[in-house]
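Undergrad: model this:
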Amino acid sequence: MSNIEESDWKKIRGMVEEIREAYLERKNAELRQMLADDKDSATGSFWRAHEHSQEVSKVLQYCLDDQRRSNMLSKMGAMKANGLLSDDQMAEFSEKTQSIIKLFTES
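TA: All right, here's what the predicted structure looks like:
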C-alpha cells in the first residue's frame with residue numbers, strides 16, 4: 001500500500017484532536033444514557049458502562065495511536081468504519097485518498 005499524499009497527511013494530523021473530541025462527545029452521551037437507565041441495577045449499569053468504555057478505548061487506540069504516514073490510510077479506513085471520520089471530513093481529502101478509504105470501508 002502506498003503512503004498517504006503529503007497534503008492529506010498534514011490535513012489528517014491537524015484534525016486528530018477534533019476527531020477525538022467529537023467521537024468522545026458522542027460516546028460520553030451514550031455512557032450518560034446507560035448510567036441513567038432505570039431498567040438496570042446500579043451494578044448492571046456500572047458493568048455495562050465499564051464494557052462500553054473499554055470498547056471506546058480500543059477503538060481510539062487502534063484508530064489514533066501509532067500514527068505514521070506509512071499506516072495512515074489504514075488508520076483512516078478504521079476511523080471511517082468506526083464513525084470517527086464524517087462524510088464532510090472525508091470530502092476534504094484528495095480523490096485518491098477518498099477512493100482508498102472507500103475500499104477499506106466497503107469490505
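
Undergrad: Let me know the secondary structure of the residue nearest the centre of the chain.
TA: What sits nearest the mean C-alpha location of the chain, by CA atoms, centre = their mean, is L84, with 3.1 Å. State at L84, reduced to three classes by DSSP: H, G, I helix; E, B strand; the rest coil: coil.

Undergrad: What is the top helix by length along the chain packed up against?
TA: Identified as the longest helix of the chain according to DSSP state H is helix 6-36. Judged by 3 or more CB pairs under 8 Å, 6 or more residues apart in numbering; DSSP states H and E, helix 6-36 is in contact with helix 42-64, helix 72-81. Where C-beta positions appear, they are placed from N, C-alpha and C, glycine not excepted.

Undergrad: Quick check: Q54 vs N71, distance?
TA: Noted for Q54: a distance of 23 Å to N71, by CB to CB, to the nearest Å.

Undergrad: D65 too?
TA: Taken as CB to CB, the span from D65 to N71 is 10 Å.

Undergrad: before we move on, back to that, quick one, phi/psi of the residue nearest to the centre of the chain?
TA: phi -80, psi -30 (degrees, to the nearest 10).

Undergrad: Repeat that for E92.
TA: The phi/psi pair for E92 (degrees, to the nearest 10) is phi -80, psi -10.

Undergrad: how many other residues sit next to it?
TA: 14 (other CB atoms under 10 Å).

Undergrad: ditto for C63
TA: So C63, with other CB under 10 Å, has 24 neighbours.

Undergrad: same question, S41
TA: For S41, using other CB under 10 Å, the count is 9.

Undergrad: ditto for R32
TA: Here the number of neighbours of R32 (other CB under 10 Å) works out to 11.

Undergrad: Tell me the spacing between it and E25.
TA: To E25, R32 is 11 Å away according to CB to CB.

Undergrad: now F104, nearest residue through space, not along the chain?
TA: Leaving aside its sequence neighbours, F104 sits nearest to G77 (CB to CB, 6 or more residues apart in numbering; 2.6 Å).

Undergrad: how many neighbours does that neighbour have?
TA: Using other CB under 10 Å, G77 has 20 neighbouring residues.
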